[in-house]
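# what follows is a protein structure lacking sequence information:
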């Protein structure tokens, strides 16, 4: 009895679900203790673009295919809708969790369709990433999605220009399909692809030769003259219709189609590069100012044109799948780079802190106002946002220290007239610099004197004095007024109170060096200030330094005077030929006089 093994019928391609590549990840290999890099895939609901979050389900190709087959076997009344109901979405989640595909080690949040987010027409991969990044509510997700749409390409342009090579068949990952394309054209034109492949007693090109020869079209740069030379050599070497079964008419038609496809893909690659190659933001499609929002529709148009062109000519699906896979890979890489930016990290954290925090961000995204664009506006807003609650928080309520809780701005002391001392919680603060019109940096802890004036529901803060205080050493290293000026006398009582209250041991002797060197304050004014605000200990130290400086100055003056006297004497001797008086030798004088008299007698 002969046993016949029936080949299982291939499962039809799902129209509801598809798998999308999401990049490589380390997975256990066959060897114990080792990991290998394997491509990971996720599942997308085609009608809506909803993606099962990668935080829950991501796996290799075979696992995802099995999950899609499992989902196709389920029945939901509105599964084909672009907007399935919440019950359907929850049911999808529950069925997966209760099935063999459940992954207990993975955290999973139910997917909820966000109509506002879908309205931005971002790729499904980004929509899922946004849902995972911001979880507090749908409106916050929508605002973050808008931010990603407007600014992702600020980091993604360089990555996405790489896709030009894949569209243009400039890399092996897509150029390898040249032979498949040519054979498909030949078959669709009525020929038998087997006629093109060499075999025993039959002359043609080997599969490797076909790939190499077709790949040489890239060397022509698609310049007509070089293309003609390439085609002529190709046809001459293949010798269709002579000594083989290749139909020359079908071959020539196929060659025309192949060249047309190659030219079309090059045109689309140029369009793509023109879109993503310009890294400057341009006018927004739905808000004031510039951003990158207008580029997404142009990018979609190019990819859609490529997909339709290939599909219409019955090209293998793997060609566009490779382009789409790389597109998603470059997008994910761009998002990861963007996510490492400090402003973006602060934005995600800010949106997830409170359900209403999205309101201010949305306003800036729609109208950046005085800022150049929404990126600058959001960056500045987030810098100041951490102080929103800090002005209502006393340092004594924090466990990290009364004066300088690291990284935690807070109010040190309040006065009845609205003035208060405020700790920035660090040695560097841009806001400190902006409000005080100074460099915004110190060596220790920045502390400033401010005043809060309230009128009705409105309040306004003003900055007056900035300190750089070494809390551990008890030394003040900076005391500056607005714009690096000398502190005005009306604020001296507050400075004195700070020094008395917080046990300041000393004021650094170089505290006003910058002002003194630029003749903005005299030593007498500085000493007057110290005598007014300092404790007895501080005063004694400054008086001792002053006396030491005076003695040092006197010694320097004496030294200078001695040197100057010597220099003056030397110049006089040189210029006037003056000689110092010498002692007269009587014997030498008498002998010289006698010699002179003898000379005179001889002359006479």
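Thanks, I have the structure now. Since the model is a prediction, treat every value here as computed from it, not as a measurement.
# count of residues packed around the closest residue to residue 470 other than its chain neighbours?
When the adjacent residues along the chain are set aside, residue 470 lies closest to residue 444, with 4.3 Å between them (CB to CB, 6 or more residues apart in numbering). Every residue, glycine included, has its C-beta placed from N, CA and C. Here the number of neighbours of residue 444 (other CB atoms under 10 Å) works out to 19.
# backbone phi and psi for residue 122, please?
Phi and psi for residue 122, reported as degrees, to the nearest 10, are phi -80, psi 160.
# near it, how many other residues are there?
Residue 122 has 22 neighbouring residues, counting by other CB under 10 Å.
# and for the one 3 residues further on?
Counted with other CB under 10 Å, residues neighbouring residue 125 total 23.
# and residue 318, by the same measure?
Based on other CB under 10 Å, the number of other residues close to residue 318 is 13.
# taking the centroid of the chain, which residue is nearest it?
What sits nearest the mean C-alpha location of the chain, by CA atoms, centre = their mean, is residue 341, with 3.8 Å.
# got the contact list for it?
residue 155 (CB atoms under 8 Å, 6 or more residues apart in numbering).
# can you check residue 532 too?
Contacts of residue 532 by CB under 8 Å, 6+ apart are 492, 496.
# where do the helices sit along the stretch 51-200 of the chain?
Taking DSSP state H, counting those that start in this stretch, the helices of the stretch 51-200 of the chain run over residues 61-72, 86-97, 115-118, 124-133, 138-151, 153-161, 163-167, 172-175, 178-188.
# the ones you listed into TSV, with extra columns for mean pLDDT and distance to residue 324?
Putting those into TSV (pLDDT from 0 to 100; distance: least, CB to CB, whole Å) gives the following:
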stretch	mean pLDDT	distance to residue 324
helix 61-72	79	15
helix 86-97	75	24
helix 115-118	57	19
helix 124-133	80	10
helix 138-151	88	19
helix 153-161	83	13
helix 163-167	92	10
helix 172-175	87	12
helix 178-188	90	17
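# residue 227 is nearest to which of those?
Proximity to residue 227, assessed across those by CB to CB, is greatest for helix 178-188 (14.6 Å).
# pull out the buried positions in that closest one.
Buried residues in helix 178-188, counting neighbours by 16 or more other CB atoms under 10 Å, are found at 178, 179, 180, 181, 182, 183, 184, 185, 186, 187.
# could you say what helices and strands it packs with?
Judged by 3 or more CB pairs under 8 Å, 6 or more residues apart in numbering; DSSP states H and E, the packing partners of helix 178-188 are helix 207-215, helix 248-276, helix 317-339.
# can you tell me what sits against it?
Residues from elsewhere that reach helix 178-188, judged by CB under 8 Å, 6+ apart: 169, 193, 196, 207, 210-211, 214-215, 217, 250-251, 254, 257-258, 261, 313-316, 318-319.
# cutoff 6 Å now
193, 210, 211, 214, 215, 254, 257, 258, 314, 315, 316 (CB atoms under 6 Å, 6 or more residues apart in numbering).
# filter the residues you listed to the buried ones?
Members of the contacts of helix 178-188 classed as buried by 16+ other CB under 10 Å are 210, 211, 214, 254, 257, 258, 315.
# pick the one among those closest to residue 19.
Ranked by distance to residue 19 (CB to CB), the buried ones among the contacts of helix 178-188 are led by residue 315 at 20.1 Å.
# part of a strand, is that closest one?
No - under DSSP: H, G, I helix; E, B strand; the rest coil, residue 315 falls outside any strand and is assigned coil.
# what are the phi and psi values for it?
Note on residue 315: its backbone torsions stand at phi -80, psi 150 [degrees, to the nearest 10].
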